[in-house]
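[1] can't give you the sequence, but here's the structure:
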């Protein structure tokens, strides 16, 4: 899975007032439940006193994050590249670059990548991990 826009983020950085975190220095980890889904944990709970977490997500072509909920987290997705769909509270949302979606706490949702895969930032408030 190669995508120029996604590669720019994969090699991007988080700029803080006194610190820079290079994304290339953060390892990809396989999702513990969903095959074909990888996460790069950009900001973790320990860095925000549990307030939020921020993750780069890579979903392989034709793979899915199956139906699930988060409690108590609100989750947002910012689609970077690729194509797919999200079922959010029973409503189907087309996922393509530039789309932002919000999943309220305790609302069922799932994400399905298309033929070229799907790349997004996911944020959780409070932090997921």
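    Perfect, I can see it now. Source: prediction; values computed, not measured.
[2] name the helix or strand for residue 7, please.
    helix 4-10 (DSSP states H and E).
[3] quick one: buried residues of that helix?
    6, 9, 10 (16 or more other Cβ atoms under 10 Å). In short, each C-beta sits where N, CA and C put it, glycine included.
[4] got JSON lines for these, with pLDDT and distance to residue 19 too?
    Converted to JSON lines, the buried residues of helix 4-10 look like this (pLDDT from 0 to 100; distance: Cβ to Cβ, whole Å):
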{"residue": "6", "pLDDT": "78", "distance to residue 19": "24"}
{"residue": "9", "pLDDT": "82", "distance to residue 19": "19"}
{"residue": "10", "pLDDT": "84", "distance to residue 19": "20"}
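[5] distance to residue 98 added to those residues, as CSV?
    CSV is the format used below for these (distance: Cβ to Cβ, whole Å):
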residue, distance to residue 98
6, 13
9, 14
10, 18
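[6] quick one: which of those is nearest residue 93?
    residue 6 (19.6 Å; Cβ to Cβ).
[7] tell me who's in contact with the closest one.
    Residue 6 is in contact with 58, 80, 81, 82, 119, counting by Cβ atoms under 8 Å, 6 or more residues apart in numbering.
[8] tell me the helix or strand right after the helix holding residue 7.
    Moving toward the C-terminus from helix 4-10, the next element (DSSP H and E) is strand 13-16.
[9] now do that next one: which elements does it pack against?
    Packing contacts for strand 13-16, counted by 3 or more Cβ pairs under 8 Å, 6 or more residues apart in numbering; DSSP states H and E, involve strand 19-22.
[10] all strands for this structure, in order.
    For the chain, strands defined by DSSP state E occupy the ranges 13-16, 19-22, 29-30, 37-43, 53-59, 64-68, 74-88, 91-96, 100-103, 109-125.
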